[in-house]
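J.: Next comes the sequence, and after it the predicted model I'd like to discuss.
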2 protein chains.
Amino acid sequence: MKLYTYSIAPNPQRIELAIAEKQIEIARVQVDLKKGEQLSAAYKQKNPHCDVPMLELPDGTCISQVPAIASYLEETFPARPLFGSTAKQKAQVIMWEHLCAIDGLQAVGEVLRNTAKAMENRAMVGPHNYAQVPALAERGRARTRNFFADLDKRLQGSEYVAGDFFSMADITAWVTCNFAGWIKEFMPAECSALQAWHQRLALRPAFNSEQG
Amino acid sequence: MKLYTYSIAPNPQRIELAIAEKQIEIARVQVDLKKGEQLSAAYKQKNPHCDVPMLELPDGTCISQVPAIASYLEETFPARPLFGSTAKQKAQVIMWEHLCAIDGLQAVGEVLRNTAKAMENRAMVGPHNYAQVPALAERGRARTRNFFADLDKRLQGSEYVAGDFFSMADITAWVTCNFAGWIKEFMPAECSALQAWHQRLALRPAFNSEQG
């Protein structure tokens, strides 16, 4: 099994943290996004969506998209679960992980991709080129701030993002909070439940070693 | 168990079709999106993200977001599987379902939400108001066309979206193809693999009765 990744980017980080939490060993192949290696013909053959992370199974099957890779790792290495232990907990994790990805990670990405000089015509992940939309940068910033406030509200009544247990939803929320720093948005000081949760996570060995 | 839904909308349709394929019985509560009932205080209490579909479990737990509801139904009613039967197939379904949702359903929604008079200041699903961004309507149209072409390419080498078996990925792809009609975008005639797949799905009883 091989993970195609670009370790510093946010979506790869979600899988890197899952791997670290599960304490499993997987070989890495770095795909240099700065050099556009994800758009090469060789990589596109494996992954027509031209993104990372992507997991290549021993039989050559290629799995892209974080929720799909996370599901495969969970089913294959069930120890140290990241999706709870019941159908209900699993659904709660998928729900919150999805909300963090759409309302948080995608919002921050919207700002970055629609402003960065290096991403002209690359306003969206994937094989197709799309021009930047300046209005999205502004909207993404508003959405990021709403994400922080909404997550803080959630964490006022819940120890972890999906409930009273650590999960994949915490991983995506954490990566989003850190990714927001790339666009100079930071967890507001008044979001005390969010701040406390972030400090709790930082004590976990996987988070400590991955994020420095 | 109760499904809060607005049956004609695309995201509810994904779960309606899953329920029909699985041949299970679930009570429905209609949430009239045209009247803004999803934004009412009573509904927000159950689902802070203010969207449909949403599944309320007998213990009162509320699960929103299609991938989460689909996971819960699959775990609870494993007969007539919608996520294949192995860890690999499951990952392939989640991957393709996610791609169809992001690159297809979200693209069509982008056009609708950024042009419809009734959606002024409601350019995004959720509790927060965002102004329409006209440039997104244009981009969404380009993305929808790319979605059709990409899906056609995939189906040239695969009987169903996720592989050689029917799955949740077909459901989301089908809903997207029909939803595109709302913005007057249609599967191009030259996408013959896509057309053939759509005709095959239309023969399934669940698709037949749900979509008329």
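T.: Okay, I see it. A quick note: this is a predicted structure, and the numbers were derived from the prediction, not measured. Numbering: from 1, shown residues only, chains lettered A, B, ... in the order given.
J.: Look up phi and psi at the residue sitting furthest away from the middle of chain A.
T.: Relative to the mean C-alpha coordinate of chain A, counting by CA atoms, centre = their mean, the farthest residue is residue A:59 (26.0 Å). With angles defined as degrees, to the nearest 10, residue A:59 sits at phi -80, psi 10.
J.: Chain B versus that one, what's the distance?
T.: 8 Å (CB to the nearest CB, to the nearest Å). All C-beta atoms are positioned from the backbone trio N, CA, C, and that covers glycine.
J.: go on, residue A:63?
T.: Relative to chain B, and taking CB to the nearest CB, residue A:63 is found at 5 Å.
J.: okay, now that residue: neighbour count?
T.: When neighbours are counted by other CB atoms under 10 Å in any protein chain shown, residue A:63 registers 24.
J.: mind checking the SS state of it?
T.: strand (DSSP: H, G, I helix; E, B strand; the rest coil).
J.: what is it paired to in the beta sheet?
T.: The partner list for residue A:63 in beta bridges (DSSP bridges) reads residue A:55.
J.: Now do the contacts for it.
T.: Shown in contact with residue A:63 (CB atoms under 8 Å, 6 or more residues apart in numbering or on different chains): A:54, A:55, A:56, A:57, A:69, A:72, B:88, B:91, B:92, B:95.
J.: what's the answer for residue A:105, then?
T.: Residue A:105 makes contact with A:10, A:11, A:172, A:175, A:176, A:179 under the criterion CB under 8 Å, 6+ apart.
J.: quick one: the residue farthest from the centre of chain A and residue A:72, what's the gap?
T.: Distance of residue A:59 to residue A:72, given as CB to CB, to the nearest Å: 13 Å.
J.: for residue A:133, same thing?
T.: Distance from residue A:133 to residue A:72, by CB to CB: 34 Å.
J.: Same check on residue A:189?
T.: In this view, residue A:189 and residue A:72 are 39 Å apart by CB to CB.
J.: And the two? Which one has more around it.
T.: Between residue A:189 and residue A:72, counted using other CB under 10 Å, residue A:72 has the larger neighbour count: 22 against 8.
J.: and that one, what element?
T.: Residue A:72 is located in helix A:66-76, with elements delineated by DSSP states H and E.
J.: Work out the gap between that helix and the centre of the chain.
T.: Distance of helix A:66-76 from the chain centroid (CA atoms, centre = their mean, to the nearest Å) equals 13 Å.
J.: What's the separation between the residue nearest to residue A:5 when sequence neighbours are not counted and chain B?
T.: Spatial nearest neighbour of residue A:5, excluding adjacent residues (CB to CB, 6 or more residues apart in numbering or on different chains): residue A:12 at 4.2 Å. Between residue A:12 and chain B the computed distance is 16 Å (CB to the nearest CB).
J.: and chain A, what are its domains?
T.: A:2-76, A:87-204 (automatic domain parsing).
J.: how about these in TSV, adding mean pLDDT and distance to residue B:108?
T.: Formatted as TSV, the domains of chain A follow (pLDDT from 0 to 100; distance: least, CB to CB, whole Å):
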stretch	mean pLDDT	distance to residue B:108
domain A:2-76	96	18
domain A:87-204	97	15
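J.: Please report the distance of residue A:157 from residue A:193.
T.: 8 Å.
J.: of those two, who's got more company?
T.: Neighbour count, other CB under 10 Å: between residue A:157 and residue A:193, residue A:193 has more, with 16 against 7.
J.: State whether the more buried one and residue A:152 are indeed in contact, as I suppose.
T.: Yes: in terms of CB atoms under 8 Å, residue A:193 counts as a neighbour of residue A:152; the distance is 5.1 Å.
J.: in chain A, which helix has the most residues?
T.: As assigned by DSSP state H, the longest helix anywhere in chain A is helix A:134-156.
J.: That one vs chain B: in contact?
T.: Yes: against chain B, helix A:134-156 shows contacts by CB under 8 Å from any CB of the partner chain at A:135, A:136, A:139, A:142, A:143, A:146, A:150, A:153, A:154.
J.: Contacts (any at all) between chain B and the helix or strand just after that helix?
T.: Downstream of helix A:134-156, the first helix or strand assigned by DSSP H and E is helix A:168-180. No: Helix A:168-180 does not reach chain B (CB under 8 Å from any CB); its nearest approach is 10.4 Å.
J.: between helix A:168-180 and helix A:66-76, how big is the angle?
T.: Helix A:168-180 runs at 140 degrees relative to helix A:66-76, counting by axes from the mean of the first three to the mean of the last three CA atoms, to 10 degrees.
J.: Only the C-alpha atoms, please, for helix A:168-180, written as CSV.
T.: C-alpha atoms of helix A:168-180 as CSV (Å, rounded to 0.1, in the frame of the first residue of the first chain):
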residue,chain,number,x,y,z
MET,A,168,-11.8,11.8,12.4
ALA,A,169,-14.0,14.9,12.9
ASP,A,170,-11.5,16.3,15.3
ILE,A,171,-8.8,15.7,12.8
THR,A,172,-10.5,17.7,10.0
ALA,A,173,-11.5,20.5,12.5
TRP,A,174,-7.9,20.7,13.7
VAL,A,175,-6.4,20.8,10.2
THR,A,176,-8.9,23.6,9.3
CYS,A,177,-8.0,25.7,12.3
ASN,A,178,-4.3,25.5,11.4
PHE,A,179,-4.9,26.0,7.7
ALA,A,180,-6.8,29.2,8.5
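J.: How much space separates the nearest residue to residue A:10 once chain neighbours are set aside from chain B?
T.: Among residues not flanking residue A:10 along the chain, residue A:179 sits closest, at 4.4 Å (CB to CB, 6+ apart). Here the criterion is CB to the nearest CB. By it, residue A:179 lies 18 Å from chain B.
J.: wait, residue A:179 sits on residue A:108?
T.: Yes: assessed by CB under 8 Å, residue A:179 is found in contact with residue A:108 at 5.0 Å.
J.: got any residues that touch both of those two?
T.: Shared contacts of residue A:179 and residue A:108, defined by CB under 8 Å, 6+ apart, are found at residue A:10.
J.: Is there a neighbour count for residue A:111? I'd like the number.
T.: Neighbours of residue A:111 under the rule other CB under 10 Å: 23.
J.: Report the contact partners of it.
T.: By CB under 8 Å, 6+ apart, residue A:111 lies in contact with A:136, A:137, A:140, A:141, A:144, A:183, A:185.
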